[in-house]
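*Asks:* here is a sequence together with a model predicted from it:
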Amino acid sequence: MSKSPTSTCIHEVGLAFEDDKLIRFHHCDPAGIIFYPQYFVLFNELVEDWFTKGLEVSFVEQITKDRVSIPMGRVECDFIAPSKIGDILRFCLRVARIGKSSIKLAIEVRHHEEIRVRANLTVVLASLETLRSVAISDDLRARMSRYLIP
């Protein structure tokens with residue numbers, strides 16, 4: 001995670017979770033361009049890393065001990081420019097809204113100053129036992145609130 005003062009995130013006010021990701025061979029099609037469904041895998045990695053590194057809530061323990069997952073309920077995505085093997089992309093995550101059991105996340109992906117992808121994800125806290133949504137705890141809500149877009 002990078003917390004440089006010269007953030008490349010679209011929203012410059014407030015806290016953002018940033019993570020750089022190297023685009024590897026397995027992300028790409030035969031032309032060496034990232035195959036767009038791979039972004040969804042990278043978004044999921046970003047959310048897991050945000051929980052563990054940004055929110056300081058172990059994603060692994062949440063799954064294995066608490067039996068709570070964070071599946072995507074909705075995804076809106078704009079693919080603005082292609083990314084290629086060897087690119088290092090900066091993923092920037094901000095919270096647009098915190099609901100009772102869902103969180104709307106705003107994600108922007110850049111290569112240097114060029115925007116490659118913008119996405120809005122709605123993720124839901126869900127019990128792995130009942131496969132139903134569960135309320136976000138006050139503690140988790142407070143941790144997430146630091147990333148809210150003003």
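*Replies:* Looks like it arrived, so ask away. Keep in mind it's a predicted model, so treat the numbers as computed, not measured.
*Asks:* my guess is Glu129 contacts Arg67, does it?
*Replies:* Yes: proximity of Glu129 to Arg67 meets the contact threshold set by Cβ atoms under 8 Å, at 5.5 Å. For the C-beta atoms, the positions are set from N, CA and C on the backbone; glycine is no exception.
*Asks:* tell me which of these two has more neighbours.
*Replies:* Arg67 (13 against 9; other Cβ atoms under 10 Å).
*Asks:* identify the residues contacting the more buried one.
*Replies:* 127-129 (Cβ atoms under 8 Å, 6 or more residues apart in numbering).
*Asks:* same check on Gln38?
*Replies:* 26-28.
*Asks:* try 7 Å
*Replies:* Each residue near Gln38 by Cβ atoms under 7 Å, 6 or more residues apart in numbering is listed here: His27.
*Asks:* looking at it now. What's its pLDDT?
*Replies:* pLDDT, Gln38: 96.
*Asks:* tell me the secondary structure for it?
*Replies:* helix (DSSP: H, G, I helix; E, B strand; the rest coil).
*Asks:* how close does it get to Ala31?
*Replies:* 14 Å (Cβ to Cβ, to the nearest Å).
*Asks:* how about Phe17?
*Replies:* For Phe17, the distance to Ala31 - Cβ to Cβ - is 31 Å.
*Asks:* again with Met144
*Replies:* Applying Cβ to Cβ to Met144 and Ala31 gives a distance of 38 Å.
*Asks:* what is the burial count for Ser145?
*Replies:* Neighbour count for Ser145, taken as other Cβ under 10 Å: 12.
*Asks:* which ones are touching it?
*Replies:* Ile98.
*Asks:* rewinding a little: show me which of Met144 and Ala31 is the more surrounded one.
*Replies:* Per other Cβ under 10 Å, whichever of Met144 and Ala31 has more neighbours is Met144, with 19 against 9.
*Asks:* which element is the more buried one on?
*Replies:* helix 138-145 (DSSP states H and E).
*Asks:* what about the helices in the protein?
*Replies:* 37-49, 59-64, 138-145 (DSSP state H).
*Asks:* quick one: closest of those helices to Gly73.
*Replies:* helix 37-49 (12.2 Å; Cβ to Cβ).
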